[in-house]
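Participant: sequence-free structure coming up:
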Ligand SMILES: Nc1ncnc2c1ncn2[C@@H]1O[C@H](COP(=O)(O)OP(=O)(O)OP(=O)(O)O)[C@@H](O)[C@H]1O
Ligand SMILES: [Mg+2]
């Protein structure tokens, strides 16, 4: 897997750096069982980051991962992407999978939208018509079909994120791993990106997405969610119940510091 040319947005069709669970159930596109992870420090003790995390995300669903700063969301996502290897535990993620990072300016590499979406298709043996068809379908799914010939430099941050998602869809990615894509975006762009992901899943039963966010209002677009604290999965379930759970937790915390 060559990450040097394309460090920020990568598709890992044959990534096999993490142990694969034998207990995989076909209805789940993403599974992590009893995952532990520590950062290795040279002069001090290792820093434990994930503690016995287990998650299961059904195929074709849009799930969100929430939790306070530093609780381990990005670390868990990187383990699922194969960018980090867990200290122990097993992972299964359908492939190809794609990891899209936070900064929109790190997502696009080619001068025009259609060239960028087609970028990853060079490694697959496709005719020119097949490439054109995949690029159009992917741009349609993210609502950018009219931007096909636009220079990427003229796009907003959210449009760049959507081009990156289209690139993953064009490569027939089964799993999208998306880390706080809306952080740097204004409200219109935020909604555009989240709707693009929702629409991508609604138009293909094969695509599953895990979206890291801090914004509770984004849960309205999710099928399910996972809430983490201090390296542990505290709760996972349908989006409304996770939202209520987090709101109750936040108000208990506010009451505690006000008392
Ligand atoms: N390279 C590293 N070396 C040591 N510790 C690290 C490293 N990267 C992250 N950490 C620590 O691991 C913990 C989890 O970090 P992570 O980035 O996964 O959290 P997060 O939930 O994504 O936070 P945020 O919401 O701020 O993005 C934090 O305490 C962080 O300081
Ligand atoms: Mg993070």
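Facilitator: Now that the structure is in, tell me what you want to look at. As the structure is a prediction and not an experimental result, all values here were calculated from the model. Ligands and ions are numbered 1, 2, ... in the order given.
Participant: Next, the contact list for residue 143, please.
Facilitator: Going by Cβ atoms under 8 Å, 6 or more residues apart in numbering, residue 143 touches 162, 192, 195-196, 199. Every C-beta, even on glycine, is put in place using the N, C-alpha and C of the backbone.
Participant: can I assume residue 71 sits in a strand?
Facilitator: No. Per DSSP: H, G, I helix; E, B strand; the rest coil, residue 71 lies outside any strand segment and is coil.
Participant: Go ahead and report the secondary structure state at residue 63.
Facilitator: strand.
Participant: If we ignore the residues flanking it in sequence, what's nearest residue 148?
Facilitator: In this structure, residue 148 finds its nearest non-sequential neighbour in residue 114, 4.6 Å apart by Cβ to Cβ, 6 or more residues apart in numbering.
Participant: can the contacts of residue 143 go into CSV with extra columns for secondary structure, distance to ligand 1 and pLDDT?
Facilitator: CSV is the format used below for the contacts of residue 143 (DSSP: H, G, I helix; E, B strand; the rest coil; distance: Cβ to the nearest ligand atom, whole Å; pLDDT from 0 to 100):
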residue, secondary structure, distance to ligand 1, pLDDT
162, helix, 22, 93
192, helix, 22, 89
195, helix, 23, 92
196, helix, 22, 91
199, helix, 26, 91
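Participant: who wins for most neighbours among those?
Facilitator: Counting neighbours by other Cβ atoms under 10 Å, the top entry in the contacts of residue 143 is residue 162, with 30 neighbours.
Participant: any idea how far residue 198 is from it?
Facilitator: 12 Å (Cβ to Cβ, to the nearest Å).
Participant: is the helix or strand containing residue 76 anywhere near ligand 1?
Facilitator: In the assignment (DSSP states H and E), residue 76 maps to helix 73-81. Yes. Applying Cβ under 6 Å from any ligand atom, one finds helix 73-81 touching ligand 1 at 73-75.
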